[in-house]
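Peer 1: Need coordinates for the following:
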Amino acid sequence: MNKAFNAEAQRSKDAEAAAIQSGERLKRITFDDWEAEGQRLFGEDRLKWRFQCPACGHVQAVEDFRPYKSQGATADTARFNCIGRYSVAKRRAFGGEGAGPCDYTSGGLFDIRPLTVVMPGGEEIRTFDFAPSSDSRVTKPTCNLQPATCNSSQ
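Peer 2: The predicted structure is shown next:
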């Protein structure tokens, strides 16, 4: 059973790597353009910026993570972890059903963050997409929960 799981995980990782390599799944943006887009959508106060979890579609603001500082959450956490990692998750990221938040973290087996921000020095940082500018707190996931087939369309 362990061999079967490892083989399936490797196939998923290989398919994900191929999708990344071909550019099918990831969007790329410069840091300056990313920052301008965040300001356009949500204003200059970065605590008000909102991101959408690619696994469950939950929309979270940076300021939503303040209560979880003692659990290791930082101002950057909203860009790569669903808040369900810190609060009581309503569902699992993979195989879960219903609305989020979920327990997704980009530090796990699958990294489904759909956006790459290219920093001024050339470093690349993967991140969640910005949330739609509407006030909706839960929207459709940007991933169908099978990382190899995620895409960046919403």
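Peer 1: And stretch 77-94, end to end?
Peer 2: Length of stretch 77-94, first residue to last, Cα to Cα, to the nearest Å: 20 Å.
Peer 1: mind listing what R91 touches?
Peer 2: R91 makes contacts with 56, 84, 97-103, as judged by Cβ atoms under 8 Å, 6 or more residues apart in numbering. (C-beta placed from N, C-alpha, C; glycine too.)
Peer 1: Can you tell me which of the residues you listed comes closest to S70?
Peer 2: S70 lies nearest to G84 out of these, by Cβ to Cβ, at 17.0 Å.
Peer 1: quick check, that closest one in a strand?
Peer 2: No. Per DSSP: H, G, I helix; E, B strand; the rest coil, G84 lies outside any strand segment and is helix.
Peer 1: What's the separation between it and A99?
Peer 2: 11 Å (Cβ to Cβ, to the nearest Å).
Peer 1: related to what we said a few turns ago, just the buried residues of the contacts of R91.
Peer 2: Neighbour-count burial (16 or more other Cβ atoms under 10 Å) is assigned, among the contacts of R91, to 56, 84, 100-103.
Peer 1: Tell me which of those fall in strands.
Peer 2: Assignment to strands by DSSP state E places none of the buried ones among the contacts of R91 there.
Peer 1: Among those residues, show me the least confident.
Peer 2: The lowest pLDDT within the buried ones among the contacts of R91 belongs to G100, with 77.
Peer 1: Do a quick rundown of the helices in the chain.
Peer 2: 2-22, 31-42 (DSSP state H).
Peer 1: Comparing those helices by mean pLDDT, which bottoms out?
Peer 2: helix 2-22 has the lowest average pLDDT among these, namely a mean of 46.
Peer 1: hang on, the earlier thing: same list, the buried ones among the contacts of R91, but as JSON lines with distance to R46 please.
Peer 2: Below are the buried ones among the contacts of R91 laid out as JSON lines (distance: Cβ to Cβ, whole Å):
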{"residue": "C56", "distance to R46": "23"}
{"residue": "G84", "distance to R46": "22"}
{"residue": "G100", "distance to R46": "22"}
{"residue": "P101", "distance to R46": "20"}
{"residue": "C102", "distance to R46": "23"}
{"residue": "D103", "distance to R46": "25"}
